[in-house]
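In: okay, here's the prediction I keep looking at, along with the sequence it came from:
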Protein chains: 2
Amino acid sequence: MIKIAVDCFGGDRSPYANIEGAINALKEIQDLYIILVGDEAAINSELSKYEYDKERIEVLHASEVITCNDTPTDAIRRKKDSSLVKAFDLLRNEDDVRGLVSIGSTGAILAGCVMKVGRIPGVKRPACCPILPTMNDGIVAICDSGANVDCQPEYLQQFAIMGSLYLNKAYNIENPRVALLNVGVEEEKGNALSKETFQLLKNNTPTVNFVGNMESRDLLTGEYDLIVCDGFNGNVLLKSTEGACLELMKLLKKTFTSSFKNKMGALLLKKGIYELKDKMDYNNYGGAVVLGIKKTVVKGHGSSKATSVYNCVKQAYNMEKNNLCETIAIEIAKLNEQMEANE
Amino acid sequence: MIKIAVDCFGGDRSPYANIEGAINALKEIQDLYIILVGDEAAINSELSKYEYDKERIEVLHASEVITCNDTPTDAIRRKKDSSLVKAFDLLRNEDDVRGLVSIGSTGAILAGCVMKVGRIPGVKRPACCPILPTMNDGIVAICDSGANVDCQPEYLQQFAIMGSLYLNKAYNIENPRVALLNVGVEEEKGNALSKETFQLLKNNTPTVNFVGNMESRDLLTGEYDLIVCDGFNGNVLLKSTEGACLELMKLLKKTFTSSFKNKMGALLLKKGIYELKDKMDYNNYGGAVVLGIKKTVVKGHGSSKATSVYNCVKQAYNMEKNNLCETIAIEIAKLNEQMEANE
């Protein structure tokens, strides 16, 4: 039985989407056990709407909620009875609680990961790793997408290892193609950080399938499985891609409704456009994970629907089922031994 | 009379698009004089197709062409009879040749700017500044978009000044709204570079209308006129936005042709979609400029059509007509005096 804590508060659609998503995952996965954390009365009232295996679910009461307006580290320190902190405490104190899914504030979740769960020994910096859908129906992961805004080449080397293992364990991708975000594909391109990282990945990271530099315009083409970069660049990459898609869809919507003829055209295309929107919908792709900490933490998008929460829970389950954290610990230890031997 | 050199070779549609664009600008602007640089026979053969004021155009022969396969600095040093180097030599040696438009290799153009034209005294680093269309029919500029991959806060401070003056002189934007690219809008967000730059722009750059941090997802919303960042992040920002729009348009095209019903819908929407594509077409918005050098240099997109070259020539003309380089020299000198006084 794999035990996952689900933070039921936080997120635009909480608690109902969080609870519905958790229950759907519970129905599908037979060796999953869920602890719903948050206001007991509210959770029980939602739970009464569903049929589910009562032996595999429990509720842990928490009276407070951390919002995006709270300062992350302060919130983790002070809001001791919040659903997020109580879920983190479970992760910290209960050996058999293996994972946590939250839709809450990214900053607070990252702070909780470091303060409550702790780094895997040998990991220099835990990193945030979201996934995006590619144009050929695959996915691409970005590591780091914002946890570390100032990085050393050795951090990025570890991101490459952790991200590769994640894609393998959670998505069953064999030998993920890892590229370094850069301003050009040629080996000599880049800033001080990318030039040094290139050499580390090329010469000193045998377990990673490093395919070279990539340019941000190729993020969605499906040529790469994992993009490695510092958190500042990863954040710019992720958000500008999301922003461009969003703004373009808005423009399209405007075009679709700007005349009678256009409206008729859009009506005929309705199904096709919905399929396209569905393809691009993050709800279908789970959340961002924090790699390099001792247990599994998945963070869903703030406006996650039940489908997204369901996918996040499945993702956390897969990571634990396939022992991702243990494998990262082993591989990082090997890397550090090898790096020391090279010195 | 304002003299502009046009490099007729380089670019997927050269020389014909370059020559057609230059002639169209010549027809519209009465005090413009153009020097077409490149293979004389080829240029004259193209010229014979047009009617134009022969008093305001001349041809300067060059036998070679710099391609994207040439190493930039090597090419500028060795390909002495290339159209780009000969155009740069005009800029360097002839006082009255004020600007250069080229569709050639970005690297070679940047190398030429530094090696042949030279920095304005007091400018720490020349920067590349492209523009993009926004969703509310305006434009947004990015400075730097790739010339300087490792930056100091003082470079970004100067980018803010030079970019503001550029938008004012070339596009007549009063008091451009300048934002700093960051991972969040709050003042305390960011990496070491952005935190220090924020303070410089907030407290020590009175001539710039600094509106604070911005997130990359808001690039196209029209909230900002100029985004200031280091060249690595600027490159990621620019190319991921372009890439996302391109990939989404490809997906749409696929949807539009995937069934008979969709094809009918797309047919009705044809005009609307063309208008949207036109809005997003870089050909309608001129090129990227290099700011901080002694004369005007505009670099058009590699696949520029005649319209784009025409816009680039007009852009170069406007910059020179309004004395952008002189104004930058004055304002940078003032800034440096003030920064020294503060020390």
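Out: Nice, I can see it.
In: where do the strands of the stretch 1-150 of chain A begin and end?
Out: Along the stretch 1-150 of chain A, counting by DSSP state E, counting those that start in this stretch, strands occupy A:2-7, A:32-38, A:57-61, A:97-102, A:127-129, A:131-133, A:139-143.
In: relative to the fifth one, what are the paired strands and their orientations?
Out: Sheet partners assigned to strand A:127-129 using DSSP bridges are listed as strand A:288-291 (antiparallel).
In: residues contacting the residue nearest to the spatial centre of chain A?
Out: With distances taken as C-alpha atoms, centre = their mean, the residue of chain A nearest its centroid is residue A:288 (0.9 Å). Contacts of residue A:288 were listed using C-beta atoms under 8 Å, 6 or more residues apart in numbering or on different chains, and they are A:106, A:128, A:129, A:130, A:131, A:145, A:298, A:299. No exception for glycine: its C-beta is placed from N, CA and C like everyone else's.
In: pLDDT at it, what is it?
Out: On pLDDT, residue A:288 comes in at 95.
In: distance of it from residue B:160?
Out: 32 Å (C-beta to C-beta, to the nearest Å).
In: tell me the residues of the stretch 1-150 of chain A that contact chain B?
Out: By C-beta under 8 Å from any C-beta of the partner chain, the residues of the stretch 1-150 of chain A that approach chain B are A:135, A:146, A:149, A:150.
In: tell me which of these is nearest to residue B:229?
Out: Nearest to residue B:229 among the residues of the stretch 1-150 of chain A next to chain B is residue A:149, at 13.2 Å by C-beta to C-beta.
In: picking up where we left off before, just the closest of the residues of the stretch 1-150 of chain A next to chain B to residue B:18, please.
Out: Lowest distance from residue B:18 to the residues of the stretch 1-150 of chain A next to chain B (C-beta to C-beta) belongs to residue A:135, with 33.0 Å.
In: correct me if wrong: that closest one contacts residue A:222.
Out: Yes. The pair residue A:135 and residue A:222 qualifies as a contact (C-beta atoms under 8 Å) at a distance of 5.9 Å.
In: could you dump the residues of the stretch 1-150 of chain A next to chain B to JSON lines with neighbour count and distance to residue A:10?
Out: Below are the residues of the stretch 1-150 of chain A next to chain B laid out as JSON lines (neighbours: other C-beta atoms under 10 Å in any protein chain shown; distance: C-beta to C-beta, whole Å):
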{"residue": "A:135", "neighbour count": "18", "distance to residue A:10": "32"}
{"residue": "A:146", "neighbour count": "24", "distance to residue A:10": "18"}
{"residue": "A:149", "neighbour count": "22", "distance to residue A:10": "23"}
{"residue": "A:150", "neighbour count": "15", "distance to residue A:10": "28"}
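In: and which of those is nearest chain B?
Out: Nearest to chain B among the residues of the stretch 1-150 of chain A next to chain B is residue A:149, at 3.8 Å by C-beta to the nearest C-beta.
In: what about the closest one, distance to residue A:131?
Out: Here residue A:149 is placed at a distance of 21 Å from residue A:131 (C-beta to C-beta).
In: ok, residue A:337 next?
Out: Using C-beta to C-beta, we find residue A:337 at a distance of 30 Å from residue A:131.
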